[in-house]
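> just coords:
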C-alpha cells in the first residue's frame with residue numbers, strides 16, 4: 001500500500017474520524033460498556049490530533065512518529081477490547097470494534113510517518 005497522506009492529511013482524517021465514530025457508535029446501538037469505550041476512543045483521537053506536531057495541531061507537543069506508534073498500539077487494544085472487557089459475545093460491539101481496528105490500521109498504513117508536511 002502506498003502512503004496517501006502526511007501530517008496534514010492524517011490530521012484531517014483524525015478530525016473527521018472522531019465525530020464519525022461518535023455518531024456511528026450511537027447509530028449502531030451499542031450497550032453501555034462498549035459505548036463508553038467508543039466515547040473514550042473519540043476523546044483519545046481528539047486529544048492525540050490536537051496535541052500532535054501537525055499543521056492542524058492546536059498544542060503541538062507530541063512528535064508525529066509517536067502519534068503513529070500510539071495509534072498502532074490502539075489498533076491492538078481495539079481488536080482485543082471485546083474479549084478483555086467481556087463483550088465479545090455482543091455481536092454489534094464485537095463487529096464495531098474489529099471494524100474500527102481495521103479502519104484505524106488502514107489509516108495508519110496509509111500515512112507517511114516520516115513526512116515533513
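Cool, the structure landed. Just so you know, these numbers come straight off a predicted model, no measurement behind them. Numbering: from 1, shown residues only.
> Going by C-alpha atoms from here, please, whenever you check contacts or count neighbours.
Noted.
> pLDDT wise, what is the residue located most distally from the centre of the chain at?
Farthest-out residue of the chain from its mean C-alpha position, per Cα atoms, centre = their mean: residue 89, at 22.6 Å. Looking at residue 89, its pLDDT is 93.
> measure it to residue 82 for me?
Here residue 89 is placed at a distance of 8 Å from residue 82 (Cα to Cα, to the nearest Å).
> How about residue 73?
Look at residue 73 and residue 82: by Cα to Cα, they are 16 Å apart.
> With residue 110 instead?
Residue 110 sits 26 Å away from residue 82, going by Cα to Cα.
> again with residue 100
Distance of residue 100 to residue 82, given as Cα to Cα: 12 Å.
> Comparing the two, which residue is more hemmed in?
Each of residue 100 and residue 82 has its neighbours counted (other Cα atoms under 10 Å); residue 82 has more, 23 against 17.
> that's a strand at residue 56, yeah?
No - Residue 56 is assigned coil when assessed by DSSP: H, G, I helix; E, B strand; the rest coil, not a strand.
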